[in-house]
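Undergrad: Sequence first, predicted coordinates after that:
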Amino acid sequence: MDARPGQRNLITDVPGLQVGQAQDDVVKTGVSVVMGAAPFTAGVHVMGGAPGTRETDLLGADKVVEQVDALVLSGGSAFGLDAASGVADALRSEGRGFAIGDQRVPIVPGAILFDLLNGGDKAWSENPYKRLGRDALAKRSEVFELGSHGAGTGATTADFKGGIGSASLVLPDGITVGAFVAVNALGSAVAGTGPKFWAAPFEIGDEFGALGVSSDPGDVQLPNTKLGQHQATTIGIVATDAALSQAQCTRMAVAAHDGYARALLPSHTPMDGDLIFSLSTADRTAPDLAGQLAIGHASATCISRAVARAVFAARPAAGDTLPCWAEAFGYL
């Protein structure tokens, strides 16, 4: 596939999209929001055994509401679902939302990851996630930080810190595909003990170190995991400016899950809540079947690269329970 990264190599290379992020470094957690200049068509696919979600049923192809106002990724396990409430309140104050009579109801699906045992102070007297959701939306921009930010602030993998990752591709026909992930996987993003990434075959340039593919035969063995139940989950979003129906968005999300399998071993486990939202801004014409295939493949490729970029960009912080990749391999 003759494709190249967009100008920023971020999901915001899809025109009209912005990302907002907020975090609490004492709690070691945060929230990330993806929204567009206008409501967008969205889908979702869940392949993990322990998901935590809000309003995902609404994204079925048989449901009445076909567009949403924002997508939210949050730390905090079930507490983090409240982040979407903060986003919804802020969007309503901006006049955004599904019109019902004289009322506006923002449609804000969300997903959460488990970061409650990551060394942060979780003894809050009031759930912080509604505030963090509101703050994240207020900081939305086309440019944002990777690594230990937003929903990836307290994220971990089996052996190193996780974080926020993103990547994009512009296809030969001009369609743009982007991915955004919060990597908190049960499994590992690196082959063996590292430093090489499982996603190395899909790297473009030196976006996560240009270390190449691991040739160590031992790397094919079962990699490290953090086997504590409900202490994992990688959640993400793939986006395109091609016009897709809700059903086609769902197929895009299904295809994108291949990116998790290529970049995280193991993935889609009973203890992960692995989920991918998908969205279409519909700024370009609808693709034919071959075009839909290309978009699905690009989505998986972007997800793989975004996962590795998340771990590559993570940085150390006080109280960490795991080292970051850059710290372990002398990249700081």
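TA: Great, that's in hand.

Undergrad: what comes up buried for stretch 159-176?
TA: Residues of stretch 159-176 classed as buried: 159-171, 175-176 (neighbour count, 16 or more other CB atoms under 10 Å). Backbone N, C-alpha and C define where each C-beta goes, glycine included.

Undergrad: Contact partners for the nearest residue to residue 12 once chain neighbours are set aside?
TA: Closest residue to residue 12 apart from its sequence neighbours, by CB to CB, 6 or more residues apart in numbering: residue 142 at 4.3 Å. Going by CB atoms under 8 Å, 6 or more residues apart in numbering, residue 142 touches 8, 10, 12, 17, 18, 19.

Undergrad: sec struct for the fifth one, please.
TA: Assigned by DSSP: H, G, I helix; E, B strand; the rest coil, the conformation of residue 18 is strand.

Undergrad: Next: residue 38.
TA: Recorded secondary structure, residue 38: strand (three-state DSSP).

Undergrad: hang on, the earlier thing: the buried residues of stretch 159-176 in strands, which ones?
TA: Counting by DSSP state E, the buried residues of stretch 159-176 place 163, 164, 165, 166, 167, 168, 169, 170, 176 in strands.

Undergrad: Please determine how far the first one is located from residue 135.
TA: The reference is to residue 163. 19 Å (CB to CB, to the nearest Å).

Undergrad: And for the fourth one?
TA: The spacing between residue 166 and residue 135, counted by CB to CB, is 20 Å.

Undergrad: One more: the second one?
TA: Shown here: residue 164 relative to residue 135, a distance of 16 Å by CB to CB.

Undergrad: Following the least confident helix or strand in the chain by mean pLDDT in sequence, what is the next regular element?
TA: Least confident helix or strand, the chain: strand 98-100 with a mean of 89, by mean pLDDT, DSSP states H and E. Next in sequence after strand 98-100, counting helices and strands by DSSP states H and E, comes strand 103-105.

Undergrad: Quick one: mean pLDDT over that following strand.
TA: Confidence for strand 103-105, expressed as mean pLDDT, is 93.

Undergrad: tell me which residues of it are tucked away?
TA: For strand 103-105, by 16+ other CB under 10 Å, it's residue 104.

Undergrad: Please go through this structure and pick out the longest helix.
TA: helix 289-313 (DSSP state H).

Undergrad: Tell me how far that one lies from the chain's centre.
TA: 11 Å (CA atoms, centre = their mean, to the nearest Å).

Undergrad: Following element in sequence after that helix, please.
TA: Next element after helix 289-313 (DSSP H and E): helix 325-328.

Undergrad: hey, where'd the strands end up in the protein?
TA: Counting by DSSP E, the strands of the chain are 17-24, 29-46, 53-54, 67-74, 98-100, 103-105, 110-112, 163-170, 176-183, 235-242, 275-284.

Undergrad: Using a markdown table, please lay out the ones you listed together with distance to residue 319.
TA: Formatted as a markdown table, these follow (distance: least, CB to CB, whole Å):
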| stretch | distance to residue 319 |
| --- | --- |
| strand 17-24 | 13 |
| strand 29-46 | 12 |
| strand 53-54 | 29 |
| strand 67-74 | 20 |
| strand 98-100 | 41 |
| strand 103-105 | 39 |
| strand 110-112 | 21 |
| strand 163-170 | 16 |
| strand 176-183 | 19 |
| strand 235-242 | 23 |
| strand 275-284 | 27 |
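
Undergrad: So for residue 152, which of the ones you listed sits nearest?
TA: strand 163-170 (3.7 Å; CB to CB).

Undergrad: just how off-centre is the closest one within its chain?
TA: Strand 163-170 sits 9 Å away from the centroid of its parent chain (CA atoms, centre = their mean).

Undergrad: and if you look at stretch 175-193?
TA: That offset, for stretch 175-193, works out to 8 Å (CA atoms, centre = their mean).

Undergrad: For it, list every residue counted as buried.
TA: Under the neighbour-count criterion of 16+ other CB under 10 Å, stretch 175-193 has 175-192 buried.

Undergrad: rewinding a little: now list the buried members of the contacts of residue 142.
TA: For the contacts of residue 142, a burial check counting by 16+ other CB under 10 Å picks out 10, 12, 17, 18, 19.

Undergrad: if I pick the second one, what's in contact with it?
TA: Meaning residue 12. Contacts of residue 12 by CB under 8 Å, 6+ apart are 18, 19, 141, 142, 143, 144, 166, 178.
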